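J.: What follows is a protein structure lacking sequence information:
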């Protein structure tokens, strides 16, 4: 093809493409949800900038043919520069996230706080939950909120509202409280005298020593080591107090 035809053909194809895209955007503009509005706005901006690029190229073709390749290259660079600025100011578009994740978390938190369960529903769920806890499900280190909610046959956000209202804690704290109670009982009964703290933590469902120590101190106020020493001290004191009484028997 002659050079001028070779230069003009992509411009014509570009205008055809822009026309089709614009018609599609206008067709789907009405009734767009908030989640898709961001994406639609981005496509509109990109199409508009592309139109300016094609219009500039056509103007160069008509009025400055001797410098058409140089000026067209500058127009293309300007186009990509503008697109880069738009993407830089809207990183969610670049990575494919069209909804602000933090906003979703905030809305979900408000939804849980605003949800108030009836007394009958609370009692029903509490009875089911405590029966499930009696089976010591919390000893499974992989247990999660969805699993327990599924057992209670409720949606996760309803289960979270139930935990918050019934126990005034979140799910993780409640599970750790059950685990620490389990550990305390075992220590008092001297079930694990031969085990290390890591082994005890594993039996209770904790994934590591640090999480176990943090939870233990949070719910008892002391470390496991100090707790064991207190148990031994209490038993020693009890034996000492019993000895005088035995002499007069």
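T.: Good, I have the coordinates. Just so it is clear, the structure is predicted and the values come from calculations on it, not from any experiment. Numbering: from 1, shown residues only.
J.: C-terminal to the lengthiest helix in the chain, what's the next element?
T.: If each helix of the chain is counted by residues according to DSSP state H, the longest one is helix 34-63. Scanning the chain past helix 34-63 towards its C-terminal end, the next helix or strand to appear is helix 68-89 (assignment: DSSP states H and E).
J.: and the angle for that following helix with helix 34-63?
T.: Using axes from the mean of the first three to the mean of the last three C-alpha atoms, to 10 degrees, the interaxial angle of helix 68-89 with respect to helix 34-63 works out to 160 degrees.
J.: please renumber so the chain begins at 11
T.: Done: numbering now begins at 11, and the last item shifts to helix 78-99.
J.: list the helices and strands helix 78-99 packs on?
T.: If contacts are counted by 3 or more C-beta pairs under 8 Å, 6 or more residues apart in numbering; DSSP states H and E, helix 78-99 sits against helix 13-39, helix 44-73, helix 101-104. For every residue, glycine as well, the C-beta is placed using N, CA and C.
J.: Could I get the buried residue list for that helix?
T.: Residues 78, 81, 82, 85, 89, 92, 93 are the ones in helix 78-99 that count as buried (16 or more other C-beta atoms under 10 Å).
J.: repeat for stretch 215-234
T.: For stretch 215-234, the buried set under the neighbour-count rule, 16+ other C-beta under 10 Å, comprises 215, 216, 221, 222, 223, 225, 226, 229, 230, 234.
J.: Tell me which two in those are the farthest apart.
T.: When C-beta to C-beta is used, the two most widely separated members of the buried residues of stretch 215-234 are 215 and 230, lying 16.8 Å apart.
J.: Of the buried residues of stretch 215-234, which is the nearest to residue 196?
T.: Of all these, the one sitting nearest residue 196 is residue 234; the distance, using C-beta to C-beta, is 10.9 Å.
J.: Please look at the closest one and residue 207 and confirm they touch.
T.: Yes - counting by C-beta atoms under 8 Å, residue 234 does reach residue 207; the two are 5.7 Å apart.
J.: what do those two both touch?
T.: Any residue near both residue 234 and residue 207 by C-beta atoms under 8 Å, 6 or more residues apart in numbering counts here, and that gives 222, 223.
J.: Go ahead and confirm residue 138 touches residue 160.
T.: No - because the distance of 11.8 Å does not satisfy C-beta under 8 Å, residue 138 is recorded as not touching residue 160.
J.: Mind checking which of those two has more residues around it?
T.: Taking residue 138 and residue 160 together and counting by other C-beta atoms under 10 Å, residue 138 has the greater number of neighbours (16 against 13).
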